[in-house]
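1. Starting from these lines, generate the structure:
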Amino acid sequence: MNSSSVNAKLVTTSKTESSRHLNDCALIEIIHLHDCLRGALRALQQDVIELSKQAKCVSTLSKICELEKQIEGRFHLIWSVFRAHSAAEDEFIWPLLQQKLNLASSENISNSGISGVCISSRMAKAEKTDKDSPSGSIVVEEYKEDHADEERMFSEMNCLISKLRERLSSEESGEGEGCSSNSTSKGNVNQVYELSRALADLMSVLRGHLLKHLEKEEVQCIPLVRKHLNNEEINDLVGLIMGKRSSSQVSQILTMAVQNLPINRRDEMVQYMKQAMVGTFFERWLSMGGFFQDNVNKDRNTSKNDEYPSVTASRENIRFYLENNTKNITSSSELEGLIRAIAANTELSSEQKSSTVQDLRDAVRESNRKKNKRSLDDMTGQQSQDEFKEGRLTVAKRFEKRLTPPSSYYKLDHKTQKIKLVFIADIANKLPPLMKDVPLFSATELAPTYHDGAANSILGCPHYARSCKLRHPTSGRLHTCRLCCQQERDMLMLRKEAVDSPLDRYSVTEILCMVCGALQPASNKCCNEKCDSYRKLFSKYNCSICNFYDDDPHKSIYHCPFCNVCRTGEGLGIDYRHCMRCNACVSIKDSSEKHVCLPHRLQGNCSICNESMFQSTEPLRGLRCGHVMHFSCFRRYYLRGDPASYTCPLCKKSIEDMKDYFALLDASVRMQPMPETYSDVKSKIYCQDCTQIGNVPYHFIGCKCSFCGSYNTREIQRT
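-> Numbers count the residues shown, from 1 in each chain. Presented below is the predicted three-dimensional model:
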């Protein structure tokens, strides 16, 4: 039985009194996170106790070092999750709860006429009379002090672990030189034991402090939040908290859930996370990140399984099906149905499911490759001399010169999860007879490209600096980046020629190292030991989900788990946050008062050029009304000089603060009074900024709104 299942069983499945108050509420997420921390702290304490026992009985050095590494990894995971949880409480939960309590207190004062009573005493009295809510009050400063004390204990524990690691490292170096035996030397065993005992004592104090803190939050604070906030406010609160958590922090929380929660609590936790982040691409990020693949929704797959009965029977039937039926798969929906059927098979382990799905993809890809090769051969035989004379670049001619294999070909063995070399090109650059499935490329595809153009010193393309190429998941062609592929598609479409499908960055499984020419599974380093850049990064930044590489030293990039794409910036919680309603990353500098939420504001096209904005590499410009357009489009639109260019082309609101411009119009109105004949003329106007309707004096320069002072008005009637 593995450690994760043991930890899951140790966590009680019965809900606490606090969790029963949170049915159908996103705040249950906090209870789940508390359970994760409890289970992780229990496992960490058991490891620390085991370490002190091993140090006391003078066990082998390798066993002690292995325990120390396990403790270090578990400790830093807990510390990181604790920091994210504490920051969310201090930044969002306590201020909002205090605001609600102040509001309730002011209402009580106005109703009862009592003043000068502290908030906590009034709330304590109110809570005692409410039988459905636990008694007590909230003292924000007390919780902040608890967070500070716990952070101090975490830092002290980190220092002890560092000292222990240094001591064990010196022991390992001593053994490597043959200065001691396989067991720890008697001179240093006392030091290792003392450090382990100090670590165990501090761990006991830290765990006790944290458990009391978590229980106090569940008994006192969370019921107050549930009482004073409605479901919509709670969902927004959880969205604000999650919007500042990076993909690494979300991954750490989910990893802790896998290790410490039973399956039903784990699924419930993910369900409420999805509910709080509805409208985003978080669910897609979860599936691409490989979280909870064993627990596919059975109801959703019931009808699909009936279509593929042979796939759900056994491992042998699956192999037989892959060998004999992949040639009949003609659409992506059929492939997805097979994958869902495999994922729902209870007879397969998670490793078997993963390898089987990969085998299925490889079999379908090979079947499609053979079909494409046969169709290209047929087209090449039917091609006439007139087509060559007219210079038409047909699909057959484009692929005709794809006769060169890569310098070497590496594939991932899904059984052993190791990368193996399956092909090396010989001197004559010909394929051996048994390696017909090695992909072939043209000389242009295999040739390196450069980011700096004629200088030829930085590998990459005009869009990104990188030392690898992506292999198209459908056609198998090599492109330096997806934008290069799109440019080639646009060129061929202008010539009305056949084109490849757009390069799906998420489906890329193989890349080509431009230094050595080795084709290999997608990763961040070259696996060819003979390569000059062996074990060197293809780029400074690499995203395994987007298969994105960028070696620009002056650019900061992060992956947003809710957009499920890589964005330019320091990261969520640093200089950006994700707005769940807009489903967009917005600057932290934009306060919540200035930020205008528009559902899926980036999912549409630019109102000027009609190009997509969600995955655009161009800078975007947000308008005051909340709509967005490309920055270059904004400049062209705003600098036209047209009086209507200061209004949004979609909603007609002012695109930014126009007070200075409206002040100039005020001066113009004062300097040019209306003739006496028109002095009593009134205009009924509609203000496009504040959406109010009113009657104002008519003026040919403009009609000023009497509510907000804007000249962005439309005349409805003149009297």
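
2. F562 is in contact with M277, isn't it?
-> Yes - distance between F562 and M277: 6.0 Å, which falls inside the contact criterion (Cβ atoms under 8 Å). Using the backbone N, CA and C atoms, a C-beta is placed for each residue, glycine as well.

3. Could I get the pLDDT score of S331?
-> Per-residue confidence for S331 comes out at a pLDDT of 56.

4. after the one helix or strand M153 maps to comes which helix or strand?
-> Element membership for M153 (DSSP states H and E) is helix 140-176. Going down the chain from helix 140-176, the next helix or strand is helix 186-216, by DSSP H and E.

5. helices and strands around the helix or strand following that following helix, which ones?
-> The helix or strand immediately downstream of helix 186-216 is helix 222-228, counting by DSSP H and E. Based on contacts counted as 3 or more Cβ pairs under 8 Å, 6 or more residues apart in numbering; DSSP states H and E, the elements that helix 222-228 packs against are helix 94-112, helix 231-243.

6. Can you tell me which of the ones you listed is most buried?
-> Mean neighbour count (mean count of other Cβ atoms under 10 Å) peaks for helix 231-243 among the helices and strands packed on helix 222-228, with a mean of 19.

7. you'd agree C708 is in a helix?
-> No - under DSSP: H, G, I helix; E, B strand; the rest coil, C708 falls outside any helix and is assigned coil.

8. quick one: it and Q688 touch, right?
-> No - if you go by Cβ under 8 Å, C708 and Q688 don't touch, sitting 10.3 Å apart.

9. So for these two, which sits in the more crowded spot?
-> Under the criterion of other Cβ atoms under 10 Å, the comparison of C708 against Q688 puts Q688 first, with 18 against 15.

10. Just read off the phi/psi values of the more buried one.
-> Dihedral pair for Q688: phi -80, psi -10, per degrees, to the nearest 10.

11. sorry, back to before: and F562 and M277? Which one has more around it.
-> Taking other Cβ under 10 Å, F562 and M277 do not tie; F562 has more neighbours (26 against 23).

12. Low-confidence ranges, the stretch 251-400 of the chain, go.
-> For the stretch 251-400 of the chain, the stretches with pLDDT under 70 are 289-337, 339-400.

13. Repeat that for the chain.
-> Residue ranges of the chain with pLDDT under 70: 1-24, 58-59, 107-139, 172-189, 289-337, 339-400, 426-436, 454, 591-593, 643.

14. Recalculate using a threshold of 50.
-> For the chain, residues meeting the criterion pLDDT under 50 lie at 1-16, 113-137, 176-184, 293-317, 320, 327, 373-400, 427-429, 431, 433-434.

15. correct me, but E488 touches H479?
-> Yes - between E488 and H479 there is a contact under Cβ under 8 Å: 7.4 Å.

16. which of these two has more neighbours?
-> Counted by other Cβ under 10 Å, E488 and H479 do not tie: H479 has more neighbours, with 23 against 15.

17. Show me what that one is bridged to.
-> Listed beta-bridge partners, H479: L470 (assigned using DSSP bridges).

18. List the contacts of it.
-> Taking Cβ atoms under 8 Å, 6 or more residues apart in numbering as the contact definition, H479 lies against 469-470, 472, 485, 488, 503.

19. for those residues, which one is nearest K415?
-> When the contacts of H479 are ranked by distance to K415 (Cβ to Cβ), L470 comes first, at 26.0 Å.

20. For that closest one, give its distance to G476.
-> L470 is 11 Å from G476, where distance means Cβ to Cβ, to the nearest Å.

21. and if you look at L199?
-> In this structure, L199 and G476 are separated by 54 Å, where distance is defined by Cβ to Cβ.

22. When these two are compared, which one has more neighbours?
-> Neighbour comparison, L199 and G476: the larger count goes to L199, with 24 against 19 (by other Cβ under 10 Å).

23. The nearest residue in space to that one that is not next to it in sequence: neighbour count?
-> Residue nearest to L199 in three dimensions, not counting chain neighbours: L160, with 4.9 Å by Cβ to Cβ, 6 or more residues apart in numbering. Summarising burial for L160: neighbours were counted as other Cβ under 10 Å, giving 19.

24. Quickly note the distance from L160 to Y686.
-> Computed with Cβ to Cβ, the distance linking L160 and Y686 is 69 Å.

25. Can you tell me the element the nearest residue to T255 once chain neighbours are set aside falls in?
-> Using Cβ to Cβ, 6+ apart and skipping the chain neighbours, the partner closest in space to T255 is L77 (7.0 Å). Under the assignment given by DSSP H and E, the secondary-structure element containing L77 is helix 61-88.

26. Buried ones in that helix, by neighbour count?
-> Of the residues in helix 61-88, 61, 64-65, 67-68, 70-72, 74-75, 77-79, 81-82, 84-86, 88 count as buried by neighbour count, 16 or more other Cβ atoms under 10 Å.

27. which residues does the residue nearest to T255 contact?
-> Counting by Cβ under 8 Å, 6+ apart, L77 makes contact with 40, 252, 255-256.

28. quick one: it and T647, what's the gap?
-> With distances defined as Cβ to Cβ, the gap from L77 to T647 amounts to 51 Å.

29. what do you get for T677?
-> Counting by Cβ to Cβ, the gap between T677 and T647 amounts to 31 Å.

30. More neighbours: the two, which one.
-> Neighbour comparison, T677 and T647: the larger count goes to T647, with 19 against 7 (by other Cβ under 10 Å).

31. quick one, what contacts the closest residue to V508 other than its chain neighbours?
-> What sits nearest to V508 in space, not counting adjacent residues and going by Cβ to Cβ, 6+ apart, is N547, at 4.2 Å. For N547, the contact set (Cβ under 8 Å, 6+ apart) comprises 470, 505-506, 508, 511, 522.

32. Since that was my last question, I'll sign off now.
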